[in-house]
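In: The sequence and its predicted three-dimensional model are supplied below.
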Amino acid sequence: MTEPTIFDKKPVVLDLEAGDYWWCSCGNSKNQPYCDGAHKGTEFVPVKVTLEDSKKVALCLCKKTNNSPFCDGTHAKL
């Protein structure tokens, strides 16, 4: 698998508390947008997100963003 699986063609907007999160980069996690280990055996690895403060974020679900894990609008071109 060289291309990630598109989970959805829109981001998920979440209010997250300060802390560490692991974003799924392969698109196969059943716990989107978070990693559940479904990437094992592929070249994909989860992306660590560290938030210093609580904030609202838009996390990419199309997995094509150039600003992972955050949505950059790439889904609009798919």
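Out: Good, I have the coordinates.
In: The nearest residue to L51 once chain neighbours are set aside and T50, how far apart?
Out: Distances taken as Cβ to Cβ, 6 or more residues apart in numbering place A18 nearest to L51, at 5.1 Å, with adjacent residues excluded. Any C-beta I mention is one placed from the backbone N, CA and C, and that applies to glycine too. Per Cβ to Cβ, to the nearest Å, A18 is found 9 Å from T50.
In: got it, and C71?
Out: For C71 relative to T50 (Cβ to Cβ), the value is 18 Å.
In: Contact partners for E17?
Out: Listed by Cβ atoms under 8 Å, 6 or more residues apart in numbering, the contact partners of E17 are L51, S54.
In: Kindly recompute the last result at 6 Å.
Out: By Cβ atoms under 6 Å, 6 or more residues apart in numbering, the residues touching E17 are S54.
In: Tell me the predicted confidence for it.
Out: pLDDT, E17: 98.
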